[in-house]
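> Fold the following.
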Amino acid sequence: MPDTLFRRREEQRYPRALHKLTIDMFALVQHWQPSVSGAERGRLFEGLLYRYAKTLGLPLSEQAGSRTVRGVRSASGFMHENDAVLSFPDFTVHCELKHLSGELSKNELLIFNQKGIDYLMAGDRTLRNLPFYRIILSGGIVSPAARRFAVQWGILIIEPDRIPLLLLHDLAGRIVPELRSVSLQVQDELWDEVPQFVVPLQDRISRVCRLIQNGEESVIGEYRLNWAIDHAQRILGDHYWSALDEQNETWLEDRYELVSKACGLDA
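As a prediction, this is how the structure comes out:
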């Protein structure tokens, strides 16, 4: 559905492929019901992304068990395992896939974040110079602390029941006919703010360095953190979701049908 909505902002803040990946994976985590449990469920979840990437011709360069990103080993020499890496010509997407019965643990978030830093420190020019995006694809709801950590480090979380920030950004740049209680001014604020919350890792590291050198208060202040998670994603996200449902109540199910075919779930 969002692809069919008329654009009111023509500029692109993110690669188109990243927008499409976000909405498709959101449809997947919202509607896929695995028939298995435990570690097997996680492996099946990973396999869905791999088949999706193959069907759509996405540049899946690494998958489960790999120890590199774009063929680059970590600076530390640690043999980090990566769930998936998409190596587009002009950007990289490092993916962490989780389909847990409980919440993501603190250590999983910390390790995923540190992996990216470790690879960038290896000094490979291609990896370092291309925007390095990170996505956590979760089959379950994540904790408020996990969402805060993700915003602090520019990581995109895709989880059930919450419109991802990147999809909200796309919607803020479009005309949504049934949208209520979200003024044009708030839509413009959303359009400008999300690119501060979902950023390539290089941008966040540079921001941390400026913070230390210039004595700035924080990378993302308390007010903006709360605005991103509690207001933008929860309240504004619900308004957008209601508007999309009012226009077409099966918009996300329809998207899932397309994704399920790409993932081979209809076979």
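> All the strands of the chain, residue numbers only.
For the chain, strands defined by DSSP state E occupy the ranges 60-66, 82-87, 92-98, 132-138, 156-158.
> Quickly compare the ones you listed and say which is most buried.
Stretch with highest mean neighbour count among those: strand 156-158 (a mean of 26; mean count of other C-beta atoms under 10 Å). For every residue, glycine as well, the C-beta is placed using N, CA and C.
> List the contacts of it.
Contacts of strand 156-158 with the rest of the structure, by C-beta atoms under 8 Å, 6 or more residues apart in numbering, involve 22, 25-26, 29, 133-138, 142, 146-147, 150, 164-166, 198.
> For F78, which residues are in contact?
Counting by C-beta under 8 Å, 6+ apart, F78 touches D118.
> Try it again at 10 Å.
By C-beta atoms under 10 Å, 6 or more residues apart in numbering, the contact set of F78 is 67, 111, 114-115, 118.
> nearest to D170, of those residues?
D170 lies nearest to K115 out of the contacts of F78, by C-beta to C-beta, at 27.3 Å.
> chain center to the helix-or-strand element of the chain with minimal mean pLDDT, what's the gap?
Within the chain, no helix or strand scores below helix 201-214, which has a mean of 89 by mean pLDDT, DSSP states H and E. Remark: helix 201-214 is offset 21 Å from the chain centroid, using C-alpha atoms, centre = their mean, to the nearest Å.
> elements contacting that helix?
helix 106-120, helix 125-129, strand 132-138, helix 144-153, helix 184-197 (3 or more C-beta pairs under 10 Å, 6 or more residues apart in numbering; DSSP states H and E).
> and the shortest one, how far from the chain's centre?
Here helix 125-129 is found 21 Å from its chain centre; the criterion is C-alpha atoms, centre = their mean.
> Could I have the CA atoms of it written out in PDB?
Extracted in PDB, the C-alpha atoms of helix 125-129 (Å, rounded to 0.1, in the frame of the first residue of the first chain):
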ATOM      1  CA  ARG A 125      38.000   1.200   2.300                       C
ATOM      2  CA  THR A 126      34.900  -0.200   0.600                       C
ATOM      3  CA  LEU A 127      33.300  -1.300   3.900                       C
ATOM      4  CA  ARG A 128      34.300   1.900   5.700                       C
ATOM      5  CA  ASN A 129      33.200   4.300   3.000                       C
END
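> Okay, now the unreliable bits of the protein?
Low-confidence segments of the chain, defined by pLDDT under 70: 215-217, 266-267.
> Regarding the chain, what is its longest helix?
Counting by DSSP state H, the longest helix found in the chain is helix 39-56.
> can you give me the angle that one makes with strand 132-138?
When axes from the mean of the first three to the mean of the last three C-alpha atoms, to 10 degrees is applied, the directions of helix 39-56 and strand 132-138 differ by 130 degrees.
> Buried residues in helix 39-56, which are they?
For helix 39-56, the buried set under the neighbour-count rule, 16 or more other C-beta atoms under 10 Å, comprises 41-42, 45-46, 48-53.
> can you pull the contacts of the residue lying closest to Y50 once chain neighbours are set aside?
Distance criterion C-beta to C-beta, 6 or more residues apart in numbering; nearest residue to Y50, sequence neighbours excluded, is Q63 at 5.6 Å. Residues near Q63 by C-beta under 10 Å, 6+ apart: 46-47, 49-50, 53, 82-85, 95.
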